[in-house]
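> Starting from these lines, generate the structure:
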Amino acid sequence: MTVVEFIESQRAEFGVPHKICFRALGVSPSWFYKWKNRRPTAREERRARLDEQITRLFAASGGTYGSPRITQDLRAEGWKLSENTVAKRMAELGLAGRSEEAALTDPAGQAAGRAGSGAPEVHRGGCGGAVGRRRHDDQHR
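Residues are numbered from 1 along each chain as shown. Sure, this is the predicted structure:
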């Protein structure tokens, strides 16, 4: 969210006047209106088109394609980009590919150790159960 979008949202959602937001954020009214009314840059337009294509390819794969495969497909369509660019855009879009086998056998994502896996937690910190005893590293203090 940009500063301009934030100021707009404060007015729309909470009725906060623009002047108060300008003062609180340290921006001038002229800066706000300049940025509010400007056209998107070439980079922003390209990024928006790229996001659309990544989302389309990800949906077409059933949510299984990761950045390497989507990069390959985009290059086949004529895009010139790196796998890191696709990985970054996918992360910002909240898209993460999974293998079809994992998606079929483990729909909740439990084998990967994500929330709800039911695996016992191992705690390795603390004094190791020796209550009232000094730890080895405490001897030299």
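> Based on its surroundings, how many neighbours for Arg75?
Applying the criterion other CB atoms under 10 Å, we find 14 residues in the vicinity of Arg75. Any C-beta I mention is one placed from the backbone N, CA and C, and that applies to glycine too.
> Quick check: it vs Phe58, distance?
Arg75 sits 16 Å away from Phe58, taking CB to CB, to the nearest Å as the criterion.
> cool, and Met1?
In terms of CB to CB, Met1 sits 23 Å off from Phe58.
> between these two, which one's more packed in?
When neighbours are counted by other CB under 10 Å, Met1 and Phe58 differ, and Phe58 comes out ahead with 21 against 7.
> Am I right that that one is in contact with Arg98?
No. Taking contacts as CB atoms under 8 Å, Phe58 lies outside contact range of Arg98: 10.9 Å.
> And the chain, split by domain according to the record?
Structural domains assigned to the chain are 3-36, 42-98, following automatic domain parsing.
> Most tightly packed of those domains?
Counting by mean count of other CB atoms under 10 Å, domain 42-98 has the highest mean neighbour count of the domains of the chain, with a mean of 15.
> Pipe the domains of the chain into CSV and attach mean pLDDT per row.
Output for the domains of the chain, formatted as CSV (pLDDT from 0 to 100):
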stretch, mean pLDDT
domain 3-36, 93
domain 42-98, 95
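> which outside residues touch the longest helix along the chain?
The helix spanning the most residues in the chain, taking DSSP state H as the definition, is helix 42-60. Applying CB atoms under 8 Å, 6 or more residues apart in numbering, the external contacts of helix 42-60 come out as 40, 65, 70, 73-74, 77, 79, 81, 85-86, 89-90, 93, 95, 97.
> Filter the residues you listed down to the ones in helices?
Taking DSSP H as the definition of helices, the contacts of helix 42-60 contribute 70, 73-74, 85-86, 89-90, 93.
> quick one: which of these is nearest Gly15?
Leu93 (31.1 Å; CB to CB).
> What are the neighbouring residues in contact with Ser67?
Residues touching Ser67, when contacts are defined by CB under 8 Å, 6+ apart, comprise 83-84, 86-87, 90, 97.
> Alright, I will stop here.
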